[in-house]
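Novice: Take a look and give me a structure for this.
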Amino acid sequence: MKRESSEDKPSPSLGISDFKRWMRESSVADSTLVSIPDPSTSSSDNHHRLVHNALVHVRSKDWSSAYAIARKSIETQPSAMGYIAKAVAQIRMSEPEKAVQIFDFAFANCNPHESDLILLIKTIVLFVARKCDTAISRVRDLIADSRENETKYCCFQVLGKMYLMQEDYARAVQSLEEGQRLASACIGSDLATISLIFGFEWNFDGLLIKVQRRHFEDLYISGRAEEAKEALLKILDTFGEDIRASNWVTDLKRKCIDQLEKLGDTGLSAKEYDNAIAHYTSALSLNPSNPTDILVQRSKAQALNGSWKDALADANEAIEQSNERGLSAHPGYERKYAALHGLENYGEAINALLGLLSIIEKSPDEKIRRLRANYTAPSETTTEIISVIPEISRLCPRILIHVEEGDGRLCDEHERIEMFKSGTLFKKIISETAMTKIDHAQIRQSVAKYFKWIMFSHTWEGREPTFKDVNLVHSVWELDESPLNEKLRQFCRTAREAGHRWAWSDTCCIDKETSTTLDQSLVSMYRWYEKAAETLIYLADVLPSAEPDDFALTNSRWMTRAWTLQELLASKVIRFYNRDWKLYLNDAHVNHKDSPTIRDELAKAMGVAAETIISFQPEDLGVREKLRLASRRNAKEVEDIAYSLLGIFSSDIKPHYGVGKRALGQLLENIVDRTGDLTVIAWIGKSMPYNSALPDSLLVYSQVPYSPPSMEDKLDTRVAEPRPQFAPQDGISFRCKIIQLPQITFSNRRLKLPCIMFTVQKIDEIRPGEKLYRATVSSLGEVEFRTADVMPMTQPWRLVFAHPWITDLREPPGGPMSEYDPQVDTSVLAFRLISRLGRPFNALLFQLQLDKLSYRKYKRVAAEHEIIVPGVPHKTDYNNINVDVLEVV
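Specialist: Now for the predicted structure:
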């Protein structure tokens, strides 16, 4: 729309400043702008005045007058502006169709340079006539067809106005921004003409900022916070400081920041951390007056998202912003502590925690001071840790290998504790306890995690590396190259790869040159295996090619060694490795006790239930069953046969090497004395010098001892039947002797054995030289037996057959009758006891010693077979049966 001189134009020439002034006036006409002509005058000189006059009436919304005057101006002299004024009046008089037709006359009477303006005004008429889409389409065509920037600029402004009226704020902004790019080279005075024609609704003054504000508010109300932020940033980028500092812009910023912060909080609560971070970041991009809370929240979201460095940066910025504004920085310090803890910088995290507590404790705000109850001071946690260390450390082996690469030292308890106190985990426990109450169980668990250890189970293959060897070079990694040294190193590597810090091997973790250390280690070893995190078992003779059907573990030398029995049973978690340090059978179970293949192979090889392999406890198996498991094991040192069983039998005997088989005697003596279990003396074979009641070897316990046939289901029937041969009073008296017997005791190599004794009255050798005898025994009659010793043929009275199985004669616990129930007939109890005595039983043969030192003492006669006697007949005179305690040496 190229501007022409006033002489060439049929329309009024009106400057932008004059138009703005005119639009602000409240009067219908302004004498400085237009002189209203006399309507009766028809001179062509009055043409321009008539057009002005018509437009003035349009502005004042006097549509009929505007129409009449515009018509008069056309009659005076047809002109584009006259037709436009008439058309606008008709639009306002609700005759838009006629108005459109009138524009055709305007177009025919316009200056060629005014055609674009006429077309643009016509589109506005169409828009006012509610043909909005058509109007918008034509404006876009004008933009596309026009070569004049002035025209394009005005069209973009009109298009933006149209979109604004349709509440399509995004397109309105887009149109106005496109026009804005042309604004510097355009006057835009035709917009003033359009405003004059169509009134206040088509005022373009401040249109862009108005549209942008509406656009923001629309996005804000609809909850599209991120888009609202972008709209706000455009406002801030587009306009000067006067707009940016205005109250309404400040209010928009506040609204947008609040909404973005709330969206961030919602995302944080929903664990949508990326969204939360994005919203907080958007809020901060608007430069809030106090960004502290948003920085704190974003730091929290960053931490929960694992972005610890970003979380720390936000925390530090929050602290700085708080300090600049004189606010309490405790929220920032809390986030700083959390971020440093997440970065595993526990020392700095503790410092941040101390700073946090200092701020809280010194705050003048009582509400902030009350927050102190939410935190645990490092000193409190330190005290708790120090208190549990001795308890946990006492469970550990005395010496352990520190398997970390570059170390490999043998460390005692004190060294391990000092390493813990100066290490990362100590600080970590203090740090992670800061925002909770002290959890004693959790702290104990964390401390125990540091001190946990792995045990080594293997078979000795020669000169293994000793305690002295390792100490001499200060590290297992520095030992000379040799197969056995490499075995130890490989154990340590495997332990480290499994996540362990400490490891124990019987080769170098016991100072065997110090007897007290050795003895204490032997006593504690079962507990060490039991409490260990796991046990690594090395099978040096099992090839990598072994298959399940090969039963390589069953046939391994490891299964024959004395010490490995307790190492297997005590350990809660085990893993077997073959010769090449690969998992046995390539079984990837974390615990090979959970592997059906390996567990079943072990159970079958040992003859026990799988449950015994999985979760053995010393009290789970009977004494005789545990002796059976040990009976096939062997050891290089004689004493180890006994000492390897201390834990399995919960024995407290003190080990001492050099005593030979006496060690086994002490163990069996201790078992009998503590448990009263007589199966220990139910054996056949050679007796040991320690005490004749005990066998010379555990091998005898592989035999199954005689068990008399049960008759419990027949006793009630026998009790109900007539008992002509039973003397109730004699039976009651005999029963009283039985139940008054003391408990069995065994100490100082003396066995005091409560039993029923049957003396030998006569003895004959059936076949001379074969030690096969026939004895006449009181209350039992004739008994045949074979011994390893020569019997005193001329002194049969020295021989005694003993029935020590007193428990088998009495009422079983939980049985149908109680020996202590006063309502139970004692004669019935006596008859039941005597009936049980009538069963066959395994008799033990003892010989009275004649030397003065052994006065009234007996030695067991070793028999090659169990001596099974038929039992005591009912017709026996029970007053003549001796019930007493034998002292066996």
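
Novice: Sketch out the helices for the stretch 151-300 of the chain, chain order is fine.
Specialist: 169-180, 189-198, 207-221, 225-238, 241-244, 247-269, 273-285, 292-304 (DSSP state H, counting those that start in this stretch).

Novice: average pLDDT for stretch 421-441?
Specialist: For stretch 421-441, mean pLDDT rounds to 93.

Novice: Alpha carbons of it, in PDB - could you do that?
Specialist: Coordinates of each C-alpha in stretch 421-441 appear next as PDB, following Å, rounded to 0.1, in the frame of the first residue of the first chain:
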ATOM      1  CA  LYS A 421      37.700 -47.300  61.500                       C
ATOM      2  CA  SER A 422      39.900 -45.500  58.900                       C
ATOM      3  CA  GLY A 423      38.100 -47.000  56.000                       C
ATOM      4  CA  THR A 424      35.200 -45.900  53.700                       C
ATOM      5  CA  LEU A 425      32.500 -48.200  55.200                       C
ATOM      6  CA  PHE A 426      32.900 -46.700  58.700                       C
ATOM      7  CA  LYS A 427      32.100 -43.200  57.300                       C
ATOM      8  CA  LYS A 428      29.400 -44.700  55.100                       C
ATOM      9  CA  ILE A 429      27.600 -46.100  58.100                       C
ATOM     10  CA  ILE A 430      27.800 -42.800  59.900                       C
ATOM     11  CA  SER A 431      26.600 -40.900  56.800                       C
ATOM     12  CA  GLU A 432      23.700 -43.200  56.000                       C
ATOM     13  CA  THR A 433      22.400 -43.100  59.500                       C
ATOM     14  CA  ALA A 434      22.200 -39.300  59.600                       C
ATOM     15  CA  MET A 435      18.500 -38.900  58.600                       C
ATOM     16  CA  THR A 436      17.100 -41.800  60.700                       C
ATOM     17  CA  LYS A 437      17.000 -42.900  64.200                       C
ATOM     18  CA  ILE A 438      19.800 -45.200  65.200                       C
ATOM     19  CA  ASP A 439      18.900 -48.700  64.100                       C
ATOM     20  CA  HIS A 440      21.000 -51.100  66.200                       C
ATOM     21  CA  ALA A 441      20.200 -54.100  64.000                       C
END
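
Novice: With the flanking residues excluded, which residue is spatially nearest to residue 259?
Specialist: Nearest residue to residue 259, sequence neighbours excluded (CB to CB, 6 or more residues apart in numbering): residue 225, at 4.5 Å. C-beta: built from backbone N, CA, C; applies to glycine.

Novice: Help me confirm that that neighbour comes into contact with residue 275.
Specialist: No - in this structure, residue 225 is not within contact of residue 275 by CB atoms under 8 Å, at 11.2 Å.

Novice: what do these two both touch?
Specialist: residue 263 (CB atoms under 8 Å, 6 or more residues apart in numbering).

Novice: Mind checking which of these two has more residues around it?
Specialist: Neighbours per residue, other CB atoms under 10 Å: of residue 225 and residue 275, the larger number sits with residue 225, 23 against 16.

Novice: Send me the longest strand belonging to the chain as PDB with only the CA atoms.
Specialist: Using DSSP state E to define each element, the chain has its longest strand at strand 750-767. Output of strand 750-767 as PDB, limited to C-alpha atoms (Å, rounded to 0.1, in the frame of the first residue of the first chain):
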ATOM      1  CA  ARG A 750      36.600 -93.500  85.000                       C
ATOM      2  CA  LEU A 751      33.300 -94.700  83.700                       C
ATOM      3  CA  LYS A 752      30.600 -95.100  86.300                       C
ATOM      4  CA  LEU A 753      28.100 -97.300  84.600                       C
ATOM      5  CA  PRO A 754      24.600 -97.900  86.100                       C
ATOM      6  CA  CYS A 755      23.500-101.300  85.000                       C
ATOM      7  CA  ILE A 756      21.900-104.700  85.800                       C
ATOM      8  CA  MET A 757      24.700-107.200  86.500                       C
ATOM      9  CA  PHE A 758      24.700-110.900  86.000                       C
ATOM     10  CA  THR A 759      27.600-112.800  87.500                       C
ATOM     11  CA  VAL A 760      29.300-115.800  85.800                       C
ATOM     12  CA  GLN A 761      29.100-119.000  87.800                       C
ATOM     13  CA  LYS A 762      31.000-121.300  85.500                       C
ATOM     14  CA  ILE A 763      33.000-120.900  82.200                       C
ATOM     15  CA  ASP A 764      34.100-123.500  79.700                       C
ATOM     16  CA  GLU A 765      36.200-123.100  76.600                       C
ATOM     17  CA  ILE A 766      34.200-124.700  73.800                       C
ATOM     18  CA  ARG A 767      37.200-125.100  71.400                       C
END
